[in-house]
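Chemist: mind looking at a prediction? Sequence and model below.
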There are 2 protein chains.
Amino acid sequence: MRKTNIKELAQILNLSVATVSKALRDSHEISEQTKKKVLEAAKDFNYTPNPYASSLRRKKSKTIAVILPEVADNFFSLAINGIQSIAELKGYHVLIYLSHESFEIEKTVVEDCRSGRIDGLLISITSETQSAGHIMKLQSENIPIVFFDREFEEIVAPKVLTNDYESGYLSARLLIERGCKSLQFLSISSSLPICTKRAQGFLDAIAEAGMAKKEEEAIFYCTGTHAETHEQIRNLVANRKDIDGMVASVERLAIQVYLSCHELGVNIPHDLKVIAFSTVETAPILNPSLSTITQPAFEIGKTAADILFTLMDGKDYGYSKKPVILPSVLIERDSTKN
Amino acid sequence: MRKTNIKELAQILNLSVATVSKALRDSHEISEQTKKKVLEAAKDFNYTPNPYASSLRRKKSKTIAVILPEVADNFFSLAINGIQSIAELKGYHVLIYLSHESFEIEKTVVEDCRSGRIDGLLISITSETQSAGHIMKLQSENIPIVFFDREFEEIVAPKVLTNDYESGYLSARLLIERGCKSLQFLSISSSLPICTKRAQGFLDAIAEAGMAKKEEEAIFYCTGTHAETHEQIRNLVANRKDIDGMVASVERLAIQVYLSCHELGVNIPHDLKVIAFSTVETAPILNPSLSTITQPAFEIGKTAADILFTLMDGKDYGYSKKPVILPSVLIERDSTKN
DNA sequence: TTTATTTACGAAATCGTTTTCGGTAGAACA
DNA sequence: TGTTCTACCGAAAACGATTTCGTAAATAAA
């Protein structure tokens, strides 16, 4: 079945393209009668409007972009779900870009967003990102941007986050209450706010309990590839028998800790207690079940999208200039019990 | 910093828009000298080409769409990764649509794809999809389509699948060898080829072992919402003590089985052995570790994208009309051992 | 020198919409 | 009767690129 464009449709109907266009957009300038005729013909002759012609003329693309570090992480999967749920409602299209934690890729993608391809951007920055020039440039071209989860602190923009500091604090408190004497915080970045805040909460909690360590000792950085991370964590678990409690700042680190312990025969929670920032749904059926600080990932995505859309409507998004905080919940399971 | 369009750039350079356009596209009609001047000015004056104007004229969008049932499933996350890896290489943009297992949504999205918004489509159909009219309509408009994982059997199109029948067969064989006497196959659809083929392999294996059951008894369908599924599986585990082996056709069903067993105090593998089609990375650290048939999810996505791009280049994709099969691997862990 | 050929560029049409700005008829009003 | 509104519709100009085709100058071939 061949496609028609608006010009052909106009010819068939013996009307002008202007009239057809207006009829299709349900303009008051057009009589109900002709509207009906146009709609019918549009269906009969298989008319599908060309979105790019429309975007060109109206300077609106009905498209948003989501930039995130990876998708094979439950948190981001759930966040995408939340974002999509809103985009679908609004009839918007969603472009997904993966930065793979590479600042270079992030920069390239953000650069491309300046072309007018998108009406708005949702972004969770990479663990490498230390400057936000690329993002500010986009901002200066009046494209609404909302940060979710991984913000860039120095930039003023709507942000949807979770209570990272508090959660970091509580996770350490839990381990201390369960009798741990030497704690370690596993991080993936020394600049990412989610990591630094969680770490700071952790540090404050151990200091408060008289278990203070030097920051370099208390925090273990797992940068590098996933394979390298595995190696690092395995070595840590193998060699540092003094550590009896760990807080994993992101999901995959916790999994690495578990795998290492299984490989090395280290018993969780007896030899080592573990708690992780994670939304992994298998937490309750892990061996042992994993205590988690679970972020409201879906809601974070949904809220960020919500704000983005009100911004794109030209409205103020109603919240103050402060980030929106959706709290995480700590669920204790066997990995921290005695 | 203001954006420039090609017309302004031409004025600045005292050249025609035609020349500027050709210079930017590195045409042989333009001297190296002016090319250099144009490129410089483009950078200096912050020129970013409007992709929609370009798409309109060239009838190419540099965009592909991926339609999948859900993203919060490790298989699909990994597949997206594979797809993105190729798209990024080719400088293409990726639109993601979630059908949430709803045929209606799938139809709407596919319909929209006819508008010229995309140059190609990768799709994994919903569990409800029983007809492919919408997809054939798209095909008839010469938009390349590649199915991955969840195909529609009756349609002729490139497909990238895994060895479903064989894997179903092997999973049942394993349980039989481990001494199971009464097996159950957990399915999510009576029409989805991945389910029916896996189920058929399963049925053939138990028939061969003299453990044949009627199909209605051997296969348990978990349709409905996730919450309903949990209820159904819980009831099954609670009431059918005769069943001592289960094959979960998709990841989330296995998780539900585990959760139910934990709740009900059913011991895996002693009371019930479980094997699942799954790519979940926590399989080795579950309680007990989960035997899986693991699909090469990343490669499936990557290969599908590869084929799509060769198709979009107008070339034959080199393979025969038969689907490309990337085999899964069975990894036995504790959930099926004695 | 004359005639082809190449090289380098520009004018204008084109892609398929949307929107502005008129314009014509008939109704309503004085 | 003349005037002012409405209600509908159309011509044409955008939107910002690409591409075809034409042409002038420079070079090569005769």
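Modeler: All right, it came through fine.

Chemist: once you drop chain neighbours, what's closest to the closest residue to DNA strand D within the stretch 101-250 of chain A?
Modeler: The stretch 101-250 of chain A approaches DNA strand D most closely through A:Gly116 (7.4 Å), counting by CB to the nearest atom of the strand. Every C-beta, even on glycine, is put in place using the N, C-alpha and C of the backbone. Closest residue to A:Gly116 apart from its sequence neighbours, by CB to CB, 6 or more residues apart in numbering or on different chains: B:Asn50 at 5.4 Å.

Chemist: ditto for A:Glu153
Modeler: Leaving aside its sequence neighbours, A:Glu153 sits nearest to A:Pro193 (CB to CB, 6+ apart; 5.2 Å).

Chemist: give me the number of residues near the one you found?
Modeler: If you count neighbours by other CB atoms under 10 Å in any protein chain shown, A:Pro193 ends up with 22.

Chemist: what of A:Thr310?
Modeler: A:Thr310, neighbours per other CB under 10 Å, totals 17.

Chemist: what residues does the stretch 151-300 of chain A have near chain B?
Modeler: Residues of the stretch 151-300 of chain A found near chain B (CB under 8 Å from any CB of the partner chain) are A:255, A:258-259, A:262, A:280-282, A:284-289.

Chemist: how about those residues in CSV, adding pLDDT?
Modeler: Below are these laid out as CSV (pLDDT from 0 to 100):
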residue, pLDDT
A:Ile255, 97
A:Tyr258, 98
A:Leu259, 97
A:His262, 96
A:Val280, 96
A:Glu281, 95
A:Thr282, 97
A:Pro284, 97
A:Ile285, 97
A:Leu286, 98
A:Asn287, 96
A:Pro288, 97
A:Ser289, 98
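
Chemist: quick revisit: quick check, the residue nearest to A:Glu153 in contact with A:Tyr165.
Modeler: No: A:Pro193 lies out of contact with A:Tyr165 (CB atoms under 8 Å); the separation is 9.7 Å.

Chemist: in the least confident helix or strand in chain A by mean pLDDT, what's buried?
Modeler: Here the helix or strand of chain A ranked lowest by mean pLDDT, DSSP states H and E is helix A:215-218, holding a mean of 89. For helix A:215-218, the buried set under the neighbour-count rule, 16 or more other CB atoms under 10 Å in any protein chain shown, comprises A:Ala218.

Chemist: who touches the next helix or strand after that helix?
Modeler: Sequence-wise, the next helix or strand downstream of helix A:215-218 (DSSP states H and E) is strand A:219-221. By CB atoms under 8 Å, 6 or more residues apart in numbering or on different chains, the residues outside strand A:219-221 that reach it are A:184-190, A:199, A:202-203, A:232, A:236.

Chemist: put the buried members of these into a ChimeraX selection.
Modeler: Filtering those down to the buried ones (16+ other CB under 10 Å) takes a single ChimeraX command:
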select /A:184,185,186,187,188,189,199,202,203,232,236
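
Chemist: among the contacts of strand A:219-221, which ones are in helices?
Modeler: Members of the contacts of strand A:219-221 lying in helices (criterion: DSSP state H): A:199, A:202-203, A:232, A:236.

Chemist: how about A:Val110, phi and psi?
Modeler: Phi and psi for A:Val110, reported as degrees, to the nearest 10, are phi -60, psi -40.

Chemist: quick one: pLDDT of it?
Modeler: Per-residue pLDDT puts A:Val110 at 97.

Chemist: name the element A:Val94 belongs to?
Modeler: Using DSSP H and E, A:Val94 sits within strand A:93-98.

Chemist: how far off centre is that strand?
Modeler: Centroid separation for strand A:93-98 versus its chain: 12 Å, with CA atoms, centre = their mean, to the nearest Å.

Chemist: what about the helices in the stretch 1-150 of chain A?
Modeler: Per DSSP state H, counting those that start in this stretch, the stretch 1-150 of chain A carries helices over the ranges A:6-13, A:17-24, A:32-44, A:51-58, A:74-90, A:103-113, A:133-140.

Chemist: which of those sits most buried?
Modeler: Of all the helices of the stretch 1-150 of chain A, helix A:74-90 has the most neighbours on average by mean count of other CB atoms under 10 Å in any protein chain shown, namely a mean of 22.

Chemist: helices or strands up against that helix?
Modeler: strand A:63-68, strand A:93-98, helix A:297-312, strand B:93-98 (3 or more CB pairs under 8 Å, 6 or more residues apart in numbering or on different chains; DSSP states H and E).
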